[in-house]
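1. Requesting a structural model of the entry that follows:
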Amino acid sequence: MSSTRFSRSSSDSCIADLVVAVAEALRARGVRVPTSAVIESVEVLESYVAVRGLDPCSPDPRELFYVLSSTLVKDDEGVEALRRVVEGLTGHGRDAFEAVRHDMAAVGSRFGGGVAPPWRLGEGGRAAYARLRLLGLMVRGKRGWRILGRRAARGRVERLVRRYGSLESALEEAVVRDVERGGGVSALLGREFPEAVFDRVSIDGLAGLVESALKVGEYGLARRAAARLRERVARGERGFDADRVYRVLRRMGLVDGVVAARLVDEEPRLVERMGLSVEGLESLLSRARNPRAIGRIVSELERRGVSVGGVPLDVAGTGRLARALVYALRGLETGNRGYVDMAYSELEKAGGGGLVGLLVGAVDCFLSKGSCVEELVDVLTRMHVRGMLSLEGLVSAVGGVSRDPRLRGVARRLMRMVLHRLLYRYYGCRGVQGYYYSASRAPGARLDVRRSVRSLVSMRGCPVYRVPRRRRSVVLLLDKSGSMREYSLVALLAAYAFSGSLRRLVVFDQDVRVFDGEAVAGRVFAELFSLGVRFEGYTDVVSALAEASRGLPASRLVLGSDLRQTVVSEEGVAEALRKLHGRGWRLFIVAPPSVDENVLRAVRGFARVLVAGSVEELAKGLKRLLA
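-> Got it, this is the predicted structure:
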């Protein structure tokens, strides 16, 4: 039995290669070309070439388009794409080869010659170097990169044009592959980088392109790629290395609230690495959607001692205990027991609660019966001490209860108890300090029976007298603008505790309020605490200094502020303080670390300054000045 060998002539092979090249180029352009249509086109074109007597290896483009348009494509878009592919295969090959020769001249080389490294070339030379590398027209030898020989380069160009339809399409495909590998060569294209590639590569590829462009000094390309990267991340695309993308966008200064939320949704651990302020974390919390990211944001806020009362209640997936805490605080603030029922539901799902469980029970008792005030104060204070609730959040939550007419009397009692707990924590007292205790009898002193009996029992053997404090002529100015948020409430506590030492209290932001003499303690409690304190607005230190000294003889003036004048004024803060000093006022300044350094240097010569690194340090400084 003899074997049968199947073989094709060279003309048939040319026709088959040509049709396959056209089909691949159409598919690269998004045109659907079935394999059955390719086989049919080869058979029809072979017959047509034989009948017409055409050269099968270089057919006339019009004849080729005439045959393939009836067999290979079926719609108008496919016909138009076929026209462009056929023109590229038959007419653009010579033009593409000329473009390659132009790039060789730009890098200062020839066929088979070596190429200088890109850092030694100009901008146009670097782009030409990148094109030659990406198109596979350069090979690496022992002495570096060199260009292919003339015949090999011509064959390479013809194969690329046949496959992709044009050298530009082939370059675009090569750039896409290179960007996905890091973009080290594509970055050299600079301004000639193809715009269509930005949407065809992955987000990780774009991040790598930005890094590569910065490395080679193509900053314009880096900005273009980073802007497109930010746009795609903000659009909500998923599945990328969020840590790397964050580093790239942060370096380019393109991380805003929307981008940060999308990044932490992709990688929740970025919450800690971003180092956001409290305001930034709260803004991020309102945009985040990933439950794990929301849990990390809440944990970071609690770690900084910020109340989570501002957490949006419609956020899904927050940790059960955190949600229960949110509901309890919202119920306390609004007086709505529906929030308490929701808090109980979250506690049941969490399987326990600790302090949060105690808070929910105390809030329930307080809202339903108007009792359990002591228990509620105790658990709120413990949460504040442990950093689960900020001082401002504590006062705001309790102050919100007073808006309910049914609970106004109980809320006032609750506020006073919370206030006294806070006074004891920061200043070691439980109320207004209008007197002090002494073993020696002074004018106006009264015997304190309870303390005297305790002294006798402890074997000290001396009576204890309660001596009225002599009113000191102190004027206290407290800045309650947004920049003093952490410190102003503790300073207001000092004003309440040591109101007996004050001749005048001035509380200011962009507006100035003045309290005089005996009214200080009651006014601070009624107007600032019971109604809830809001630290916001601009700062007008100059106007506050003018109001503080108006109509009073020179005495001691204590200023708690960061000295940042954010309201337009004819004179600066340093000049206003210098005028007061010239009139005989003794100036004491207690400031946070964010104090204006320029003003601080200007006033150190005539004012005593304490820069408090923490809230506790500020409380100690005010106590020394006012007690």
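2. Show me how far stretch 579-598 is from its chain's centre.
-> 35 Å (CA atoms, centre = their mean, to the nearest Å).
3. Give me the distance between the two termini of that stretch.
-> 17 Å (CA to CA, to the nearest Å).
4. which residues touch it?
-> 483-484, 486-487, 491, 545, 549, 554-564, 573-574, 577, 600, 603, 606-613, 618, 621-622, 625 (CB atoms under 8 Å, 6 or more residues apart in numbering). Any C-beta I mention is one placed from the backbone N, CA and C, and that applies to glycine too.
5. go on, stretch 355-363?
-> Here stretch 355-363 has contacts from 321, 324-325, 327-328, 331-332, 340, 343-344, 347, 353, 372, 375-376, 379-380, 382-383, 386, 388, using CB under 8 Å, 6+ apart.
6. So which of those residues are in helices?
-> In this view, the contacts of stretch 355-363 that belong to helices under DSSP state H are 321, 324-325, 327-328, 331-332, 340, 343-344, 347, 375-376, 379-380, 382-383.
7. out of the contacts of stretch 355-363, which are buried?
-> 321, 324-325, 327-328, 331-332, 340, 343-344, 347, 353, 372, 375-376, 379-380, 383, 388 (16 or more other CB atoms under 10 Å).
8. What segments of the stretch 401-550 of the chain are strands?
-> 435-438, 446-447, 465-468, 474-479, 502-508, 512-516 (DSSP state E, counting those that start in this stretch).
9. now, of these, which is deepest in the fold?
-> Across the strands of the stretch 401-550 of the chain, the average number of neighbours (mean count of other CB atoms under 10 Å) peaks for strand 474-479, which reaches a mean of 25.
10. mind listing which of the contacts of stretch 579-598 are in strands?
-> Of those, the ones assigned to strands by DSSP state E are Arg556, Leu557, Val558, Leu559, Gly560, Arg608, Val609, Leu610, Val611.
11. need the helix or strand of the chain with the lowest average pLDDT.
-> Here the helix or strand of the chain ranked lowest by mean pLDDT, DSSP states H and E is helix 520-523, holding a mean of 55.
12. Contacts only, for the residue nearest the centre of the chain.
-> Geometric centre of the chain, nearest residue: Ala260, 4.3 Å, by CA atoms, centre = their mean. Going by CB under 8 Å, 6+ apart, Ala260 touches Met274, Leu276, Gly280, Leu284, Arg287.
13. now that we have the residues you listed, which one has the most neighbours?
-> In terms of neighbours by other CB atoms under 10 Å, the contacts of Ala260 top out with Leu284 at 24 neighbours.
14. Let me know the distance separating that residue from Ser594.
-> Using CB to CB, to the nearest Å, Leu284 is found at 22 Å from Ser594.
15. Kindly report the same for Arg289.
-> Taken as CB to CB, the span from Arg289 to Ser594 is 33 Å.
16. what's the answer for Arg382, then?
-> From Arg382 to Ser594 the distance is 30 Å (CB to CB).
17. One more: Ser455?
-> Look at Ser455 and Ser594: by CB to CB, they are 46 Å apart.
18. more crowded one of these two?
-> Ser455 (17 against 14).
19. check which helix or strand covers Val248.
-> helix 242-251 (DSSP states H and E).
20. What segments of the stretch 51-200 of the chain are helices?
-> Per DSSP state H, counting those that start in this stretch, the stretch 51-200 of the chain carries helices over the ranges 61-71, 76-91, 93-106, 123-134, 150-164, 167-180.
21. Mind putting those into CSV with distance to Glu266?
-> Below are the helices of the stretch 51-200 of the chain laid out as CSV (distance: least, CB to CB, whole Å):
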stretch, distance to Glu266
helix 61-71, 46
helix 76-91, 37
helix 93-106, 40
helix 123-134, 31
helix 150-164, 34
helix 167-180, 19
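22. Can you check which of the ones you listed gets nearest to Leu447?
-> helix 167-180 (88.2 Å; CB to CB).
23. what residues does the closest one touch?
-> Helix 167-180 is contacted from outside by 25, 28-29, 88, 92, 96, 99-100, 131, 134-136, 157, 160-161, 163-164, 184-186, 189, 193-194, 196-197, 200-202, 205-206, 208-209, using CB under 8 Å, 6+ apart.
24. from those, which would you call buried?
-> Neighbour counting by 16+ other CB under 10 Å classes 25, 28-29, 88, 92, 96, 99-100, 131, 134-135, 157, 160-161, 163-164, 184-186, 189, 193, 197, 201-202, 205-206, 208-209 among the contacts of helix 167-180 as buried.
25. who are the neighbours of the helix holding Val248, in terms of helices and strands?
-> On a contact count with 3 or more CB pairs under 8 Å, 6 or more residues apart in numbering; DSSP states H and E, helix 242-251 meets helix 203-216, helix 219-234, helix 257-266, helix 270-274.
26. Show me which residues of the third one are buried.
-> By 16+ other CB under 10 Å, the buried positions in helix 257-266 come out as Val259, Ala260, Ala261, Arg262, Leu263, Val264, Asp265, Glu266.
27. again with stretch 214-233
-> 214, 216, 218, 221-222, 224-226, 228-230, 232-233.
28. As a markdown table, these with distance to Gly124 would be great.
-> As requested, the buried residues of stretch 214-233 are exported to a markdown table (distance: CB to CB, whole Å):
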| residue | distance to Gly124 |
| --- | --- |
| Leu214 | 21 |
| Val216 | 15 |
| Glu218 | 13 |
| Leu221 | 15 |
| Ala222 | 19 |
| Arg224 | 18 |
| Ala225 | 20 |
| Ala226 | 24 |
| Arg228 | 24 |
| Leu229 | 27 |
| Arg230 | 29 |
| Arg232 | 30 |
| Val233 | 33 |
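29. Pipe the residues you listed into TSV and attach distance to Thr35 and pLDDT per row.
-> Formatted as TSV, those follow (distance: CB to CB, whole Å; pLDDT from 0 to 100):
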residue	distance to Thr35	pLDDT
Leu214	45	90
Val216	43	88
Glu218	42	88
Leu221	40	91
Ala222	43	91
Arg224	40	91
Ala225	38	92
Ala226	42	92
Arg228	36	92
Leu229	38	92
Arg230	42	91
Arg232	35	91
Val233	39	90
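30. Of these, which pair is most distant in space?
-> The most widely separated members of those are Val216 and Val233, with 23.7 Å between them, by CB to CB.
31. follow-up on the earlier one: quick one: buried ones out of the contacts of stretch 579-598?
-> Burial by neighbour count, judged by 16+ other CB under 10 Å, picks out 483-484, 486-487, 491, 545, 549, 556-564, 573-574, 577, 600, 603, 607, 610-612, 618, 621-622, 625 from the contacts of stretch 579-598.
32. if I look at Val514, how far off is Ala607?
-> The spacing between Val514 and Ala607, counted by CB to CB, is 21 Å.
33. typo on my end, it should be Gly280
-> To Ala607, Gly280 is 34 Å away according to CB to CB.
34. got it, and Arg140?
-> Following CB to CB, the distance that separates Arg140 from Ala607 is 72 Å.
35. again with Leu347
-> 53 Å.
36. just the buried residues of stretch 214-233 now: which is nearest Asn336?
-> The closest of the buried residues of stretch 214-233 to Asn336 turns out to be Val233 (CB to CB; 38.7 Å).
37. isn't the closest one right up against Leu263?
-> Yes. Between Val233 and Leu263 there is a contact at 6.9 Å, judged by CB atoms under 8 Å.
38. Now list whatever residues contact both of those two.
-> Overlap of the contact sets of Val233 and Leu263 (by CB under 8 Å, 6+ apart) consists of Val245.
39. ok, the closest residue to Leu214 other than its chain neighbours to Arg251 distance?
-> Spatial nearest neighbour of Leu214, excluding adjacent residues (CB to CB, 6 or more residues apart in numbering): Ala222 at 4.9 Å. In this view, Ala222 and Arg251 are 9 Å apart by CB to CB.
40. before we move on, what about Phe193?
-> Separation of Phe193 from Arg251 (CB to CB): 19 Å.
41. repeat for Trp145
-> Trp145 is 30 Å from Arg251, by CB to CB.
42. higher neighbour count, these two?
-> For the pair Trp145 and Arg251, the greater number of neighbours falls to Trp145 (18 against 14), based on other CB under 10 Å.
43. quick one: pLDDT of the more buried one?
-> The pLDDT attached to Trp145 in the predicted structure is 87.
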